[in-house]
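**Q** The following comprises the amino acid sequence and a computationally predicted model.
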Amino acid sequence: RSVSDRDQRVCVAAAQCLVEGAWRTRLFEFPELLDASACGVVAALAGVISENEGLGEDVRRQLCPERALIAARRQGWSSEAAAFARVACGVAAALGDAAAVEAAQVSRAVRVALSGDGVEQTFSLRQMLLVLLTVDLPPDSAGRTEVARAAAATLQLAHTGGIADSLKCDGFFPTAHLGASEKTAPHALQMAMLVLRRVALESSTSGGAGGSARRGPRRCEAAFSALASAVLRSIRQAVQDVEYELDSLMSRGLEADDSTKAVVARRDDMLLRAILVAGWWLTLSRAPLARDHAQRAVLDVVLRPAVHAPHCAHAVQALAVRGIAVWASKTKEQAVGHWGFFVSLLETQILQVQDRMSPATHGAVESDAPLWLAASLAEVALLFLCDTLLLHSAALGGEKAED
């Protein structure tokens with residue numbers, strides 16, 4: 001409230017407090033509130049600066065994006081330093097000075113952050129990716145390629161920890177967002193996919209004249225497909241390499257060996273990446289499946305094999321089924337064609353949930369799968385059926401719709 005005070009001295013003092021970062025120190029105890037707080041700080045600082053031309057030079061100097069990024073690099077991209085760099089860049093963008101931040105420099109910062117570890121790495125990555133979603137991208141193709149490479153490296157190397165813990169989604173309309181709850185901050189992998197999408201959009205609209213406006217959307221989808229499929233190919237190659245190693249261990253009868261379990265965990269991590277990249281690609285792309293061979297092949301190349309992968313984690317199976325639902329929701333023909341599969345899936349998973357929760361029938365159906373898996377699969381099936389019914393009820397016909 002102080003930054004909107006009528007007294008300019010109060011505004012300046014409040015802005016100085018925000019810049020000094022007491023909000024960061026306190027809110028690092030509550031990471032789930034940090035992103036919302038940072039957005040509020042950006043808006044407050046941008047507002048007070050735009051309305052107070054005489055704001056102290058010290059505040060303006062501290063909010064220099066270049067200085068903030070250099071300081072973050074010197075501090076090893078600690079969470080606090082990365083958060084402040086994000087705020088500084090966000091304020092510059094809000095004031096129409098996004099060009100003051102060199103996207104190539106931020107891209108290099110992303111690569112440095114990838115060498116970090118655990119929660120610290122993931123948080124710092126998210127801050128830098130947020131900057132790349134805010135600032136002006138380089139006008140030259142070489143600079144945009146640097147940004148795309150940073151996003152691709154994130155998709156291939158960033159930690160996946162925690163991303164499979166929240167399997168709730170909001171439907172499978174192709175125009176839907178990435179499925180993150182409003183209360184849940186997007187994962188670094190999700191943001192990297194959005195950066196790829198932005199690079200594709202900027203590349204398709206830069207340069208050219210005449211009919212370029214009409215061809216722009218198609219060029220954007222083609223560029224996005226090329227970027228996403230390249231990342232997916234790299235991840236799939238890693239999956240194949242790990243599976244070869246796993247087959248070798250299994251053939252020697254080392255199923256219960258610790259080294260085999262470690263290889264299975266690596267394989268599951270790579271499968272999870274492939275499924276997530278495929279799902280976000282399908283969700284963000286506006287290209288019809290009929291025109292995009294690479295996107296059309298995702299079902300048979302990535303999603304179905306993941307469902308049947310031996311000894312894979314339950315989260316991998318659940319996300320693969322969700323990916324199939326997203327893929328099938330892209331066209332009327334595929335949605336109608338998969339209707340029976342998801343009706344059957346819903347029925348079987350509801351029976352699983354009822355059996356596991358009812359005292360009268362508890363344990364009647366033997367299953368090693370956890371209860372949350374059955375509930376997640378039932379939710380995926382129900383959401384797919386609801387979306388299909390809303391979009392394609394006429395094509396389903398009376399008999400199928402009554403199911």
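**A** Cool, got the structure.
**Q** roughly how far is stretch 378-396 from the heart of the chain?
**A** When distances are taken as Cα atoms, centre = their mean, to the nearest Å, stretch 378-396 is centred 24 Å away from the chain's centroid.
**Q** for the stretch 151-300 of the chain, which spans come out with low pLDDT?
**A** Within the stretch 151-300 of the chain, the segments meeting pLDDT under 70 span 161-185, 206-215, 256.
**Q** 50 - rerun?
**A** Where the stretch 151-300 of the chain drops to pLDDT under 50, the residues are 167-183, 209-213.
**Q** just so I have it, where are all the helices in it?
**A** Along the stretch 151-300 of the chain, the segments classed as helices by DSSP state H, counting those that start in this stretch run 188-205, 212-251, 258-284, 293-296, 298.
**Q** closest to Ala315 out of these?
**A** Comparison of those against Ala315 by Cβ to Cβ identifies helix 258-284 as nearest, at 6.9 Å. Every residue, glycine included, has its C-beta placed from N, CA and C.
**Q** ok, Ala92 - how many residues close by?
**A** Using other Cβ atoms under 10 Å, Ala92 has 25 other residues around it.
**Q** any idea how far it is from Val135?
**A** Taking Cβ to Cβ, to the nearest Å as the criterion, Ala92 is separated from Val135 by 8 Å.
**Q** How about Arg252?
**A** Using Cβ to Cβ, one obtains 52 Å as the distance from Arg252 to Val135.
**Q** what's the burial count for Arg291?
**A** With neighbours defined by other Cβ under 10 Å, the count for Arg291 comes to 12.
**Q** quick one: low-confidence parts of the stretch 1-150 of the chain?
**A** Ranges of the stretch 1-150 of the chain meeting pLDDT under 50: 1-6, 11, 23, 27, 31.
**Q** how about the helices of it, start to end?
**A** With DSSP H, counting those that start in this stretch as the criterion, the stretch 1-150 of the chain has helices at 8-20, 22-27, 31-51, 57-62, 65-74, 79-94, 103-113, 118-132, 141-157.
**Q** Report the buried residues of the helix or strand harbouring Ala395.
**A** Assessed by DSSP states H and E, Ala395 sits inside helix 371-402. Within helix 371-402, the residues that count as buried by 16 or more other Cβ atoms under 10 Å are 373-381, 383-385, 387-388, 391-392, 396, 400.
**Q** again with stretch 140-154
**A** For stretch 140-154, burial by neighbour count (16+ other Cβ under 10 Å) applies to Gly143, Arg144, Thr145, Glu146, Val147, Ala148, Ala150, Ala151, Ala152, Ala153, Thr154.
**Q** for stretch 305-314, same thing?
**A** Residues Pro305, Ala306, Val307, Ala309, Cys312, Ala313, His314 are the ones in stretch 305-314 that count as buried (16+ other Cβ under 10 Å).
**Q** got the contact list for stretch 219-228?
**A** Under the contact criterion Cβ atoms under 8 Å, 6 or more residues apart in numbering, stretch 219-228 has outside partners 148, 152, 193, 196-197, 199-201, 203-205, 277, 281, 284-287, 292, 294-295.
**Q** and with 6 Å instead?
**A** Residues outside stretch 219-228 that contact it (Cβ atoms under 6 Å, 6 or more residues apart in numbering): Ala148, Leu196, Arg197, Ala200, Leu201, Ser203, Ser204, Trp281, Arg286, Ala287, Asp292, Ala294.
**Q** Same check on stretch 313-321?
**A** Stretch 313-321 is contacted from outside by 164, 167, 268, 271-272, 275, 303, 306-307, 373, 376-377, 380, using Cβ under 6 Å, 6+ apart.
**Q** The same query, at a cut-off of 7 Å, please.
**A** Here stretch 313-321 makes contact (Cβ atoms under 7 Å, 6 or more residues apart in numbering) with 164, 167, 268, 271-272, 275-276, 303, 306-307, 309, 369-370, 373, 376-377, 380.
**Q** so Leu125 touches Leu155, yeah?
**A** No: counting by Cβ atoms under 7 Å, Leu125 does not reach Leu155; the two are 11.0 Å apart.
**Q** Tell me, how many residues neighbour Ala104?
**A** Ala104 is flanked by 18 other residues according to other Cβ under 10 Å.
**Q** do Asp247 as well
**A** By other Cβ under 10 Å, the residues close to Asp247 number 12.
**Q** do the same with Ala82
**A** Residues lying near Ala82 (other Cβ under 10 Å) number 28.
**Q** So it versus Leu196, what's the distance?
**A** Distance from Ala82 to Leu196, counting by Cβ to Cβ: 21 Å.
**Q** same question, Arg111
**A** Distance from Arg111 to Leu196, counting by Cβ to Cβ: 15 Å.
**Q** what about those two, which has more around it?
**A** Shown here are Arg111 and Leu196; by other Cβ under 10 Å, Leu196 has more neighbours (27 against 15).
**Q** my read: that one touches Ala148, true?
**A** Yes: checked against Cβ under 7 Å, the pair Leu196 and Ala148 is within contact range at 6.2 Å.
**Q** Who are the contact partners of Leu246?
**A** Applying Cβ under 7 Å, 6+ apart, we find Leu246 in contact with Val263, Val264, Arg267.
**Q** if we go to 10 Å?
**A** Leu254, Glu255, Thr260, Val263, Val264, Arg266, Arg267, Pro310, His311 (Cβ atoms under 10 Å, 6 or more residues apart in numbering).
**Q** Can you tell me which of these has the most neighbours?
**A** Greatest neighbour count in the contacts of Leu246, by other Cβ under 10 Å, goes to Arg267: 24 neighbours.
**Q** and the closest residue to that one other than its chain neighbours, how far is that from Val316?
**A** Closest residue to Arg267 apart from its sequence neighbours, by Cβ to Cβ, 6 or more residues apart in numbering: Val242 at 4.5 Å. For Val242, the distance to Val316 equals 13 Å [Cβ to Cβ].
**Q** anything in contact with each of those two?
**A** Shared contacts of Val242 and Val316, counting by Cβ under 10 Å, 6+ apart, come down to Arg267, Asp268, Asp269, Met270, Leu271.
**Q** got the contact list for the second one?
**A** If I follow you right, that is Asp268. Residues near Asp268 by Cβ under 10 Å, 6+ apart: Thr160, Ala164, Val239, Val242, Ala306, Ala309, His311, Cys312, Ala313, His314, Ala315, Val316.
**Q** same check, this time on Met270
**A** By Cβ under 10 Å, 6+ apart, the contact set of Met270 is Gln156, Thr160, Ile235, Arg236, Gln237, Ala238, Val239, Gln240, Asp241, Val242, Glu243, Val316.
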